[in-house]
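**Q** With the input below, show me the fold.
(one chain, ligands or ions: 1)
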Amino acid sequence: MIKSLLAENRNLALANVNLTKKLSWFAVTITTLFFYRLYKKISQPPRQLRHIPYVNYFQMISVLMSREPISQYSRRLVEPILSSSEGLYTRTTRLGWTVYITNPKIIKSILLKQDLFPKAKIFVSSGEGSLPNKFIVGPNMIFVENADWKRHRKLANPAFQQAMPYKVFGKLTIQMFDIIDESLKKKISIDTGDVLKRLTLDALTLAGFGFNIHALQDPNNEWLRTYQSIITGMQDPLFFFFPIFETRFLHMFPKRQVIHDDCDRFLKLMDDMIKKKRDIVNKSIKDTVIKEDSQEKDILTLLLEGEESEDAYMTNEELKSNLCAFFSAGHDSTTGALSFALYYMAVNQDIQQKARDEILGILGDSNKDIIPNATQTKAMGYLNMIIKETLRIQPSVPVASARKAKEDCKLGSVFIPKDTILLIDIYNTHRSPSNWDDPHTFNPERFRPGGEADQKTSGEFGNPWIPFSNGARQCIGMNFSLAEQRVVLSMLLRKYTWSLPKGSIHETNVITKGIFFIVAKDLELSFTCRY
Ligand code: HEM
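**A** The predicted structure is shown next:
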């Protein structure tokens, strides 16, 4: 009797163990299935966009968190899928799954139809109180639409057409020479990227606002530090992807709080500058920094003077917001363009020498610094080809601002549902083998009159060279930046030869950094003085 009871208990226990085992397996299977489905759901685009090739969500997040340079992840993740698409692919951004476009014909159709593809409020989603919202989002040209945007551009276009301050650019370049010469004398290396950054900041503040922050002369300058703190802070992936940390829990991040304080002080400086300038213009006192001609007037003065004569105006708040926009859009972009041009000429000595020969032919080979004028820079055909090819192979602004499809539509033969976020992928448009021959090779000859670039842009193909975007919302600072690049590079070519030092991190390929703007990372160059 006892024996049979024990046997029964044992059987029951065994049955229990089996049941528990089965349940455990069941639970494990369900959990695995759940996570697999979750993984699939997150890693893939939503159903309505799944017909477009995509980059896996987790791969993209790891790229952004590890700050892998765009040149590396584009070739690893984007190029392979582009070959099987019409120049469209999707990948995740902070706004969710976004369609990236590299097909010039489709890009043209988007940029020309502002009504159907208005700008998406990409930063606005950061929320009230976030750093980007404080500094860059606001009533400025980048963000306003329709009548307001027209009013802003109507006032700003003439100011940007007029302002070509070659002398300001030239004088600042001579200040940069002092820094390079000093380092040569002391036999110490300098971060050329950093010096260029200070030069472009001085150029922007002086030529843009008639205000000198002396970033070149004083690397520890308070305004330089403050500005850099804001710009670096805006690109911090943690707060960029999770803005809630600063909009709700800023008190838990004391270092972030310091950046917010910097931003507040910077905005206050802008307020003061505008008020002062308005007073000066109202009293008809001409700019105190450069008096010679209107070409050399700063943009802020020209904007304020334009208000007098044009049926266009900006409030002080709008002016402040636009000045922040000019800072954000015009600084790192030009620094990047200059740093890449120097890099490509350093690793292509024949191209550097050919450019120098051209410049010496135009400006002469005397032993003194010469600031070129507008006519002389126009004659610099080969240097312009180098600048264009640099902006093709390393567009310092890798994507244009996001657009949104206002209704269901087709891009090429691809269906795009209403409300899809679209991004013009400048970087991959410039690097796509469908758009350019041998796209990863630096070759200024593409831009020779009648060359590859001319042939591509003349037909139905659309324009595959869009570093400043295209259409009505093309970069307003394009000519300003190109003039600055021509002056700085031509003067550098006359005064120095340069190369990459041995052991440079850029020996095999240029290493880039940045999200919204790309620049050459820690660019050290070896200069030799020609006079
Ligand atoms: C190499 C230098 C530069 C590059 C590569 C560049 C590139 C661009 C690009 C790609 C756009 C986007 C257009 C779009 O969303 O469709 C843009 C817009 C803009 N850029 Fe630039 N930019 C440069 C220099 C400058 C400078 C120096 C300034 C001002 C001083 C400036 C001010 C602006 C403004 C205000 C906009 C918005 C225009 C609008 O929406 O009407 N940029 N830029």
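
**Q** ok, and what's touching whichever strand or helix holds residue 196?
**A** In this structure, residue 196 sits in helix 192-203 according to DSSP states H and E. Residues from elsewhere that reach helix 192-203 (Cβ atoms under 8 Å, 6 or more residues apart in numbering): 168-169, 172-173, 175-176, 179-180, 212-216, 219, 224, 227, 330-332, 334-335, 338-339, 342, 484, 488, 519-525. Where you see a C-beta, it was placed from the backbone N, CA and C, and this is true even at glycine.

**Q** These: which ones sit near the ligand?
**A** 330, 334 (Cβ under 6 Å from any ligand atom).

**Q** Any of the contacts of helix 192-203 buried? List them.
**A** 168-169, 172-173, 175-176, 179-180, 213-216, 224, 227, 330-332, 334-335, 338-339, 342, 484, 488, 519-521, 523-525 (16 or more other Cβ atoms under 10 Å).

**Q** Okay, and which of those map to strands?
**A** Using DSSP state E to define strands, the subset of the buried ones among the contacts of helix 192-203 located there is 519, 520.

**Q** Just the ones in helices from the buried ones among the contacts of helix 192-203, please.
**A** Residues of the buried ones among the contacts of helix 192-203 located in helices (DSSP state H): 168-169, 172-173, 175-176, 179-180, 224, 227, 330-332, 334-335, 338-339, 342, 484, 488.

**Q** This protein: strands as residue ranges?
**A** Going by DSSP E, the chain shows strands at 88-93, 96-101, 403-404, 409-411, 414-416, 421-424, 496-499, 512-513, 519-520, 526-529.

**Q** packing partners for the last one?
**A** What it means is strand 526-529. helix 166-186, strand 496-499 (3 or more Cβ pairs under 8 Å, 6 or more residues apart in numbering; DSSP states H and E).

**Q** Over to the second one?
**A** When contacts are defined as 3+ Cβ pairs under 8 Å, 6+ apart, strand 96-101 sits against strand 88-93, strand 421-424.

**Q** Indicate which one of those is closest to residue 365.
**A** Comparison of those against residue 365 by Cβ to Cβ identifies strand 421-424 as nearest, at 42.8 Å.

**Q** does the ligand sit close to the closest one?
**A** No - judged by Cβ under 6 Å from any ligand atom, strand 421-424 stays clear of the ligand, getting no closer than 6.6 Å.

**Q** who's in contact with that strand?
**A** Contact with strand 421-424 is made by 93, 95-101, 107, 110-111, 117, 120, 122, 399-400, 402-405, 411, 416, 466, 469, as judged by Cβ under 8 Å, 6+ apart.

**Q** what mean pLDDT would you report for the helix holding residue 196?
**A** Per-residue pLDDT values across helix 192-203 average out to 93.

**Q** Likewise for stretch 408-415?
**A** On average, stretch 408-415 scores 95.

**Q** If we go by neighbour counts, what in that stretch is buried?
**A** Neighbour counts using 16+ other Cβ under 10 Å place 409, 411, 414 of stretch 408-415 among the buried residues.

**Q** cool, and stretch 448-460?
**A** Across stretch 448-460, burial judged by 16+ other Cβ under 10 Å covers 452, 453, 456.

**Q** for it, the distance to its chain's centre please.
**A** Its chain's C-alpha centre and that of stretch 448-460 lie 26 Å apart, by Cα atoms, centre = their mean, to the nearest Å.

**Q** Stretch 424-435 too?
**A** 15 Å.

**Q** Also stretch 331-338?
**A** The mean C-alpha position of stretch 331-338 is separated from the chain mean by 9 Å, Cα atoms, centre = their mean.

**Q** Stretch 31-43 now?
**A** So, by Cα atoms, centre = their mean, the centroid of stretch 31-43 is 35 Å from its chain's centroid.

**Q** now swap in stretch 313-331 and tell me
**A** Worked out by Cα atoms, centre = their mean, stretch 313-331 lies 17 Å from the chain centre.

**Q** got it, and stretch 193-205?
**A** Worked out by Cα atoms, centre = their mean, stretch 193-205 lies 16 Å from the chain centre.

**Q** Next one: the closest residue to the ligand within the chain from residue 18, what distance?
**A** With Cβ to the nearest ligand atom, the shortest gap between the chain and the ligand falls at residue 477, namely 2.1 Å. In this view, residue 477 and residue 18 are 74 Å apart by Cβ to Cβ, to the nearest Å.

**Q** of these two, who's got more company?
**A** residue 477 (21 against 10; other Cβ atoms under 10 Å).

**Q** so that one touches residue 327, yeah?
**A** No - using Cβ atoms under 8 Å, residue 477 is not in contact with residue 327; the gap is 10.8 Å.

**Q** who are the neighbours in contact with residue 499?
**A** Shown in contact with residue 499 (Cβ under 8 Å, 6+ apart): 346, 349, 525, 526.
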